[in-house]
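Trainee: Give me a model of this one.
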Amino acid sequence: MARRTPRRPQPPTPCPCGGPEAYASCCGRLHRGDATAPTAEALMRSRYSAFAHRDTAYLLRTWHPHTRPATLDLDATTRWTALEILATTEGTAFHTTGTVTFRAHYRTTTGPGTLHENSTFTRHKGEWVYENGITLP
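Mentor: Below you'll find the predicted structure:
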């Protein structure tokens, strides 16, 4: 009878948002609905992670109903590789609006790319939601 080699525990999956916690305890808990984003920046990070995990349900759920599209089709060939938060204004527990300027790096079949955007967030029914964004050069 062959001996089985014990399985080594797998290291936690890093969170795509770049935070220090593992995905499950960082953006994963927001995606599962176990918590809501406490700030506009936290929502931005969780939405980036949702793009990385192709979680369209979360993206639509955290989009303001006045600007949310009816459907969202994500490109299966896009692999999100890094997020840089460049600036934030307001967006804390004491605010009702906030902005986050970021660069999201990705790779497609045609090569690497960057999305540079200033996103506006607002509170809707007490929770942070994405309202719109302006693409920057």
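Trainee: What's the mean pLDDT across the lengthiest helix in the chain?
Mentor: Longest helix of the chain, by residue count under DSSP state H: helix 40-52. Mean pLDDT, computed over helix 40-52, is 98.
Trainee: After that helix, which helix or strand is next?
Mentor: helix 56-61 (DSSP states H and E).
Trainee: what helices or strands is that following helix leaning on?
Mentor: helix 40-52 (3 or more Cβ pairs under 8 Å, 6 or more residues apart in numbering; DSSP states H and E). Heads up, the C-betas are built off the backbone N, CA and C, glycines and all.
Trainee: And the contacts of the helix it packs on?
Mentor: 15-19, 23, 26-28, 30-31, 37, 55-56, 58-59, 62, 74, 78-80, 83, 85, 88, 90-92, 95, 97-100, 102, 104, 119, 121, 128-130 (Cβ atoms under 8 Å, 6 or more residues apart in numbering).
Trainee: What of stretch 53-61?
Mentor: Contacts of stretch 53-61 (Cβ under 8 Å, 6+ apart): 16, 30-31, 46-47, 49-51, 68-69, 72, 74, 76.
Trainee: run the last query once more with 10 Å
Mentor: Residues outside stretch 53-61 that contact it (Cβ atoms under 10 Å, 6 or more residues apart in numbering): 13, 16, 23, 27-28, 30-33, 46-47, 49-51, 62, 68-76, 78, 80, 127, 129-130.
Trainee: Show me what counts as buried in that stretch.
Mentor: By 16 or more other Cβ atoms under 10 Å, the buried positions in stretch 53-61 come out as 53, 55, 58-59.
Trainee: Turn the residues you listed into a markdown table, columns for distance to residue 9.
Mentor: Output for the buried residues of stretch 53-61, formatted as a markdown table (distance: Cβ to Cβ, whole Å):
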| residue | distance to residue 9 |
| --- | --- |
| 53 | 22 |
| 55 | 25 |
| 58 | 27 |
| 59 | 31 |
